[in-house]
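A.B. asks: Quick check, what structure comes out for this input:
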Amino acid sequence: MEFQEVVRRRRMIRRYADAPVDPAVVDRMLDNAVRAPNAGFTQGWAFLVLDTPADVARFWEVTSPEPGATNTWLDGMRTAPVVIVPMSDKDAYLDRYAESDKSTPDWPVPYWHMDTAMASLLILQTATDEGLGACFFGVPGARIDAFREAFGFPANLKPIGAITVGHRAADTGSRGSAARRPRRTNVVHRGHFST
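C.D. replies: You can find the predicted model right below:
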């Protein structure tokens, strides 16, 4: 698929077909993710891949705002056979920028989150390129401790969200905000913002 087609076709998919995802495709998503731009080549990220029914079910059990609750969005998302959780590592950036070839930055935004978000976009784009569906969504802050305990990831890693991956269902579930809101056209400003 050509890059422009990947960009145009990428959508947040919220319901998946009952079909496995080839592990080699998941590996390609992650191989692309780790090639994302990152400040100081810090690579301050980690990716938790959940690709067994038991791990995926445990993920939903410990991260759902109300465990056991159901709703259209959640029921659709739970059909994904793969969940990838991108995590940022602030300490890796603090350590990297304490090295002799770097200076202590005045970060206007937390680059550890930004870089991990760019890696996440590459996962989404690779899923589209492979003919799969994917959806990036947030993990409720109140559920992070239970999530950490269930999967044993270290305290220095912060999930910036999660990505479901699978083959698109004929009915892709809730169409989301893009179906209800027009694409904004007033976001590009050349040379100066006009009033």
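
A.B. asks: Could you use CA atoms for every contact and neighbour count after this?
C.D. replies: Noted.

A.B. asks: Tell me if residue 154 really is in a helix.
C.D. replies: No. Residue 154 sits outside any helix when classified using DSSP: H, G, I helix; E, B strand; the rest coil, being coil.

A.B. asks: Could you report the separation of it from residue 48?
C.D. replies: 12 Å (Cα to Cα, to the nearest Å).

A.B. asks: Also residue 161?
C.D. replies: 11 Å.

A.B. asks: For the two, work out which one has more neighbours and name it.
C.D. replies: residue 161 (19 against 14; other Cα atoms under 10 Å).

A.B. asks: Beyond the helix or strand containing residue 150, next helix or strand please.
C.D. replies: Using DSSP states H and E, residue 150 maps to helix 144-151. Next in sequence after helix 144-151, counting helices and strands by DSSP H and E, comes strand 157-159.

A.B. asks: and that following strand, what does it pack onto?
C.D. replies: Secondary-structure packing of strand 157-159 (3 or more Cα pairs under 8 Å, 6 or more residues apart in numbering; DSSP states H and E): strand 82-89.

A.B. asks: What residues sit buried inside the next helix or strand after the strand it packs on?
C.D. replies: For strand 82-89, the following helix or strand on the C-terminal side (DSSP H and E) is helix 90-96. Residues of helix 90-96 classed as buried by neighbour count (16 or more other Cα atoms under 10 Å): 90, 92, 93, 96.

A.B. asks: Now the common contact residues for residue 161 and residue 48.
C.D. replies: Common contacts of residue 161 and residue 48, defined by Cα atoms under 8 Å, 6 or more residues apart in numbering, comprise 85, 86, 87.

A.B. asks: Including distance to residue 78 and pLDDT, could the buried residues of helix 90-96 go into TSV?
C.D. replies: Listed next are the buried residues of helix 90-96 as TSV, based on distance: Cα to Cα, whole Å; pLDDT from 0 to 100:
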residue	distance to residue 78	pLDDT
90	30	96
92	32	95
93	34	94
96	38	94
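
A.B. asks: Going by distance to residue 18, which of those wins?
C.D. replies: residue 90 (37.1 Å; Cα to Cα).

A.B. asks: Poorly predicted segments of this protein, please.
C.D. replies: 67, 172-176, 178, 195 (pLDDT under 70).

A.B. asks: now the lengthiest helix in it, how far from the chain's geometric center?
C.D. replies: Scanning the chain for the helix with the most residues, using DSSP state H, yields helix 111-129. Mean-position distance between helix 111-129 and its chain equals 6 Å (Cα atoms, centre = their mean, to the nearest Å).

A.B. asks: Just the strands from the protein, written as ranges.
C.D. replies: With DSSP state E applied, the chain shows strands at 45-50, 82-89, 133-137, 157-159, 162-166, listed in chain order.

A.B. asks: Please work out the angle formed by the directions of the third one and strand 162-166.
C.D. replies: The one in question is strand 133-137. Counting by axes from the mean of the first three to the mean of the last three Cα atoms, to 10 degrees, strand 133-137 lies at 170 degrees to strand 162-166.
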